[in-house]
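Q: 3D, please:
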Amino acid sequence: MTVRGIIFDVDGTVVRGAEPLPGAIRGVTAVADRGLQRLFVSNNPTKPPTAYETRLESAGISVDATEVLTAGAVTKQYLIEYHSNDTIAVVGETGLLELLAADGLSVTDIQTYDSRTKNPPDVLIASIDRSFDYNTLCLCLDILADESVTFLGTDPDVVIPAAEGDVPGSGAVIDAISNVTGREPVAVLGKPSQITRKMAIDRLGLPSDDILVVGDRLDTDIALGNGAGMQTVLVETGVTDVADVENSQINPDHIIPSLGELDSVLELLK
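A: This next block holds a predicted model:
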C-alpha cells in the first residue's frame, strides 16, 4: 500500500475544543511535508466547513474549508438527494437548522411543531441538542407514532470530547428518541456511514486503498476505514484506549499515542 491521502478526524484527534492536542501540529505537518492529500472529516453536525477553517487556524493548523467534510454537510446532501421536497422537523441546534435551510430545504425546529394545528412532517432528523428535554421527547413520540414519517440521525457519536470534558453527543439524543418511540432511524449519517465514506473518497479523488484514516474512535473513524479497505490509525488522545481495542471487534491497523507519531506510520507505508 502506498498512502497518497489522509482522512483526519478532528475532535479528539487534532484538537480538543480550541486547543491542539499533543503532537497534532507535528503530525499534520508531516503529512504536508510528504505532499499527501488530506481531508478533515468531523461528525459535528452544528458547524459548517468554514467554521473548521477558522477553528483549526486558531489552533495553529492552516486548513481550507474545501478540506473539511462534516456530518452536517453529509446530512444536507442526503436530504437534498432523497427528501428535497419533503417537510423536515429537526431536533438539533441553530447551526444545523441554518445549514439545512441555506439550500432551500423545508426545515423547521421541532419546538414549533403542534400536532393540533400541523400535519406531521415527512422527516424527523435527530442530532445533538444541548436544550434537549422531556417536552422534546414528547414531541418526537407524537410525530414518530405516524409510521410514514422517516426517522434519521445526523451521526452516531454518543459521547464527544469537548473543551470542558466528554459530553453527550447526537447518538445520545438519537438513542433516547429511539427508546421512547420504539423506532430505529432509517439511516444515521456521518461516520461511518456509506454516504460519508463515498463523499470522503470522492473528495480526495483517490482509490480507497491509497487512503489512511486517522482517528480516536473505533466505531466511527476506524470503522469508516475498515469498511472500504483503507489502512487505519487509532490515536490515544481521544475517547479510546488500548483496553477498549482489546474488547472490540473493530481493530485498527496501527495504534499511536498521538499524531506526533504519525510520521513513523507513514514511513512504514511509503
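Q: state the distance from Tyr52 to Cys140.
A: In this view, Tyr52 and Cys140 are 29 Å apart by C-beta to C-beta, to the nearest Å. (Each C-beta comes from the backbone N, C-alpha and C, glycine too.)
Q: try Asp244
A: Taking C-beta to C-beta, one finds Asp244 at 31 Å from Cys140.
Q: neighbour count winner among the two?
A: Cys140 (26 against 15; other C-beta atoms under 10 Å).
Q: how about the residue nearest to the more buried one when sequence neighbours are not counted, secondary structure?
A: The shortest distance from Cys140 to any non-neighbouring residue, by C-beta to C-beta, 6 or more residues apart in numbering, is to Ile177 (4.7 Å). At Ile177, secondary structure determined by DSSP: H, G, I helix; E, B strand; the rest coil is helix.
Q: Ile177 against Val91, yeah?
A: Yes - contact criterion C-beta atoms under 8 Å: Ile177 and Val91 qualify, at 7.1 Å.
Q: helix or strand next in line after the lowest-mean-pLDDT helix or strand in the chain, which one?
A: Least confident helix or strand of the chain, by mean pLDDT, DSSP states H and E, is strand 159-162 with a mean of 83. Scanning forward in sequence from strand 159-162 by DSSP states H and E, the next helix or strand is strand 165-168.
Q: the least confident helix or strand of the chain pairs with which strands?
A: strand 165-168 (antiparallel) (DSSP bridges).
Q: which residue would you name as the spatial centre of the chain?
A: Asn43 (1.3 Å; C-alpha atoms, centre = their mean).
Q: so how far is Gly171 from it?
A: In this structure, Asn43 and Gly171 are 9 Å apart, going by C-beta to C-beta.
Q: overlap in contacts of those two?
A: Listed contacts common to Asn43 and Gly171 are 155-157; contacts here mean C-beta atoms under 8 Å, 6 or more residues apart in numbering.
Q: strands along the stretch 51-200 of the chain, start to end?
A: 68-70, 87-91, 106-109, 123-126, 150-153, 159-162, 165-168, 187-188 (DSSP state E, counting those that start in this stretch).
Q: go through the ones you listed and name the closest to Gly227.
A: The closest of those to Gly227 is strand 187-188. By C-beta to C-beta, the value is 14.1 Å.
Q: average pLDDT for that closest one?
A: In this model, strand 187-188 has a mean pLDDT of 98.
Q: could you do stretch 261-270 as well?
A: 94.
Q: list the buried residues for the least confident helix or strand of the chain?
A: By 16 or more other C-beta atoms under 10 Å, the buried positions in strand 159-162 come out as 160-161.
Q: now swap in stretch 132-147 and tell me
A: Buried residues in stretch 132-147 (16+ other C-beta under 10 Å): 132, 136-137, 139-140, 143-144.
Q: contacts made by it with the rest, please.
A: 89, 91, 110-111, 113, 115, 120-121, 124, 126, 129, 149, 151, 173, 176-177, 180-181, 183.
Q: circling back to that earlier point, quick one: which of the shared contacts of Asn43 and Gly171 has the most company?
A: Asp155 (30 neighbours).
Q: quick one, phi/psi of the closest residue to that residue other than its chain neighbours?
A: Residue nearest to Asp155 in three dimensions, not counting chain neighbours: Gly190, with 3.0 Å by C-beta to C-beta, 6+ apart. Per-residue torsions, Gly190: phi 70, psi -180 (degrees, to the nearest 10).
Q: pretty sure Gly190 is touching Ala73, no?
A: No - using C-beta under 8 Å, Gly190 makes no contact with Ala73, being 9.7 Å away.
Q: so between these two, which is more surrounded?
A: Using other C-beta under 10 Å as the criterion, Gly190 and Ala73 rank with Gly190 on top: 29 against 21.
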